[in-house]
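Asker: I'll drop the sequence and a predicted model, then ask my questions.
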Amino acid sequence: MFKSTTGLLFAAVFLAACSVSQAGNTVPVPKASPITTAQKSTVRFDQLPGYTKAQTRVANRIAARFAKAGYGRPQQIAAVSVAIRESTLNPKAHNRGCNCFGLFQMNRSRGLGTGHSVSNLTTTDYNISLIIKEAKRFKSFAAAKNVDEAIKAFVRHVTRPGNKARVVNATIKTSKKVQKSASRRRLASVSN
């Protein structure tokens, strides 16, 4: 137990010092939040029904990155559910109507994607780092006790779509399917 806790603390310190850098843009990896006993596991998908193995790998990457940032099961499932609704787990997704790119459809004209290259926004880890950095600004997301609360906070404060109520309801519906496919794994067993 002591070795596991020490390893997690070392990983959190190391992660806080890291950053993701591509094509001249550097995005600091958000500092890890203290991990509670309930958050020591990450959500893992063996196969998301209706999605390819590549899409399932992306869902696992999102869950792992949110777990390493200190978020628990509700937030991990919420983030995966939002990415399904935004991009169907396609890191290269592009919505021409809003000039939005990547897993979390970051708007380059007036949103989180402003000042970032298309190449960076369509890179899985870069896109996830940006969304985690934004999520860290809102305590309501971290404090959510269940998936529905986490989705409401994430959509209303982090992704901020035009029709928040409709998007929240659609994402909650998606999350019910996601939750059925989710299993728990110890955080230490999550691979990069």
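Answerer: Received, thanks.

Asker: which helix or strand in this protein has the lowest average pLDDT?
Answerer: Among the helices and strands of the chain, helix 2-17 carries the lowest confidence by mean pLDDT, DSSP states H and E, at a mean of 42.

Asker: wait, doesn't N99 sit right on M106?
Answerer: No - contact criterion Cβ atoms under 8 Å: N99 and M106 do not qualify, at 9.5 Å. (C-beta placed from N, C-alpha, C; glycine too.)

Asker: hey, what's in contact with both of the two?
Answerer: Shared contacts of N99 and M106 (Cβ atoms under 8 Å, 6 or more residues apart in numbering): G113.

Asker: these two: who's more crowded?
Answerer: M106 (25 against 17; other Cβ atoms under 10 Å).

Asker: tell me how far the ends of stretch 141-154 are from each other?
Answerer: 6 Å (Cα to Cα, to the nearest Å).

Asker: ok, stretch 62-76 next?
Answerer: 7 Å.

Asker: now swap in stretch 159-170 and tell me
Answerer: 14 Å.

Asker: now swap in stretch 132-140 and tell me
Answerer: 14 Å.

Asker: quick one: buried residues of stretch 84-98?
Answerer: Neighbour counts over stretch 84-98 (16 or more other Cβ atoms under 10 Å) mark I84, R85, E86, S87, L89, N90, P91, A93, H94, C98 as buried.
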